[in-house]
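> coords please:
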Amino acid sequence: MIAVFAWHSQQRTSRFVQSTTPTLFFHGGGSSYHAEEQMVSAAKKAGITKTVLRADVNKSGQVTLHGTMQRHAINPIIEVNYQDNRQLDFQKHGEWAANVVRVLQERYGIDKINMVGHSLGNISIIYYELQNGRNPRMPQLQKQVDIAGHFAGLDFAGMPAAIRQPQGLKLAQNGKPNKMNATYREMTKVRQIYPKRQVAVLNIVGDVGHGTDGTVPNVSSLSLKYLVASRAKSYQVKVFHGKNAQHSKLHDNPAVNRALIEFLWEK
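Take a look at the predicted model:
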């Protein structure tokens with residue numbers, strides 16, 4: 001029985017890369033690491049990893065790790081948890097993400113990372129690259145998954161002008177918006193910083209009808225293309241439909257989990 005179990009376990013894991021590159025998950029605004037748990041649980045159940053850490057980041061950017069990890073753990077996952085989960089100073093998101101990466105680098109010697117963001121969590125990825133994309137001393141991004149990103153802005157009431165989506169927003173074929181708010185204009189600097197032919201990018205978009213996931217217009221999510229596609233190793237979009245494509249349900253959607261697993265870890 002033991003031999004049979006070992007054979008099935010080997011068959012199960014042979015589909016997946018055996019890498020020491022950690023994958024960091026970043027939650028959305030007003031949320032926490034709990035929003036990442038369904039995706040992480042799916043990866044664990046698939047046999048991708050046995051190692052999950054939580055990185056708590058306090059309001060001053062200090063990082064505390066919870067859990068244990070062997071130095072050469074296979075496909076470790078880091079659930080990032082921001083205490084200040086409504087921070088709209090996007091520079092801070094990049095700094096906090098870098099703080100988490102540095103702690104992992106110092107403690108475990110990592111030199112590569114994958115990153116997954118949902119909603120506001122995508123800002124951590126873009127600003128990590130804006131601030132560190134040319135720094136050879138920092139771990140280098142390999143795979144990036146953006147879920148329900150609001151790169152070109154949000155269009156509901158109360159948004160600061162720098163973040164608000166411009167009215168009448170349309171995208172050119174290369175993803176370039178016809179109008180840019182101040183934040184998106186700042187993010188376009190990543191077009192010169194993003195490492196050439198290094199990062200594979202998956203952009204996940206939800207559409208519950210009328211070109212929106214119910215919170216973020218698809219046009220805003222799809223504007224990621226202009227920021228990274230010209231320099232990425234690869235860039236692909238997957239659009240999900242139906243009630244589970246709603247903004248806050250995407251991170252609990254089994255079809256999204258399958259897409260994540262295939263993109264991040266399948267050989």
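> where in the stretch 1-150 of the chain is pLDDT low?
1-13 (pLDDT under 70).
> helices along that one, start to end?
Using DSSP state H, counting those that start in this stretch, the helices of the stretch 1-150 of the chain run over residues 2-13, 37-45, 90-108, 121-132.
> closest one to Asp252 among these?
Ranking these by their distance to Asp252 (criterion: C-beta to C-beta) puts helix 37-45 first, at 4.5 Å. C-beta coordinates here come from the backbone N, C-alpha and C atoms, glycine included.
> run through who's touching the closest one.
Outside of helix 37-45, the residues that reach it under the criterion C-beta atoms under 8 Å, 6 or more residues apart in numbering are 25, 49-50, 52, 75, 77, 79, 116, 251-252, 254, 256-258, 260-261, 265.
> give me the buried entries from those residues.
With burial judged by 16 or more other C-beta atoms under 10 Å, the buried subset of those is 25, 49, 52, 75, 77, 79, 116, 251, 256-257, 260-261, 265.
> just send the residues you listed back as TSV, with distance to Ala245 too.
Output for these, formatted as TSV (distance: C-beta to C-beta, whole Å):
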residue	distance to Ala245
Phe25	19
Thr49	27
Val52	26
Asn75	27
Ile77	24
Glu79	23
Val116	17
His251	11
Val256	9
Asn257	13
Leu260	15
Ile261	18
Trp265	23
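> which one of those sits closest to Gly211?
Checking the buried ones among the contacts of helix 37-45 one by one against Gly211 (C-beta to C-beta), the nearest turns out to be Val256, at 18.6 Å.
> can you check the pLDDT for the closest one?
We have a pLDDT of 98 for Val256.
> quick check: closest non-adjacent residue to it.
Nearest-residue entry for Val256: Leu250, 5.5 Å, with adjacent residues in sequence omitted and distances by C-beta to C-beta, 6 or more residues apart in numbering.
> so that neighbour is in contact with Asn244, correct?
Yes - contact between Leu250 and Asn244 holds when scored by C-beta atoms under 8 Å: they sit 7.5 Å apart.
> more neighbours: these two, which one.
Set side by side, Leu250 and Asn244 show unequal neighbour counts under other C-beta atoms under 10 Å, the larger going to Leu250 at 23 against 15.
> state the distance from the more buried one to Val208.
To Val208, Leu250 is 10 Å away according to C-beta to C-beta, to the nearest Å.
> with Ile147 instead?
Distance from Ile147 to Val208, by C-beta to C-beta: 15 Å.
> for those two, work out which one has more neighbours and name it.
Between Ile147 and Val208, counted using other C-beta under 10 Å, Ile147 has the larger neighbour count: 30 against 18.
> wait, that one sits on Leu250?
Yes - contact criterion C-beta under 8 Å: Ile147 and Leu250 qualify, at 5.4 Å.
> who touches both of those two?
118, 204, 256.
> the last one contacts Phe240, correct?
Yes - assessed by C-beta under 8 Å, Val256 is found in contact with Phe240 at 6.3 Å.
> for Asp146, list the residues it contacts.
With contacts defined as C-beta under 8 Å, 6+ apart, the neighbours of Asp146 are 117, 122, 125, 201-204, 221, 224.
> helix, strand, or coil at the closest residue to Asn174 other than its chain neighbours?
Distances taken as C-beta to C-beta, 6+ apart place Tyr226 nearest to Asn174, at 5.8 Å, with adjacent residues excluded. Using DSSP: H, G, I helix; E, B strand; the rest coil as the criterion, the local structure at Tyr226 reads helix.
> how near is Tyr226 to Lys45?
Using C-beta to C-beta, Tyr226 is found at 36 Å from Lys45.
> who has more neighbours, these two?
Tyr226 (21 against 10).
> wait, that one touches Gly175, no?
Yes - between Tyr226 and Gly175 there is a contact under C-beta under 8 Å: 3.6 Å.
> alpha carbons only: can I get stretch 162-173 in CSV?
Only the C-alpha atoms of stretch 162-173 are listed here, as CSV (Å, rounded to 0.1, in the frame of the first residue of the first chain):
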residue,chain,number,x,y,z
ALA,A,162,-5.2,60.6,-9.9
ILE,A,163,-6.9,57.1,-9.7
ARG,A,164,-10.3,57.8,-11.3
GLN,A,165,-10.9,56.2,-14.7
PRO,A,166,-11.2,58.9,-17.4
GLN,A,167,-14.7,59.0,-19.1
GLY,A,168,-14.9,57.6,-22.5
LEU,A,169,-11.8,55.4,-22.0
LYS,A,170,-10.9,53.3,-25.0
LEU,A,171,-7.9,51.1,-25.8
ALA,A,172,-5.8,51.0,-29.0
GLN,A,173,-4.8,47.6,-30.3
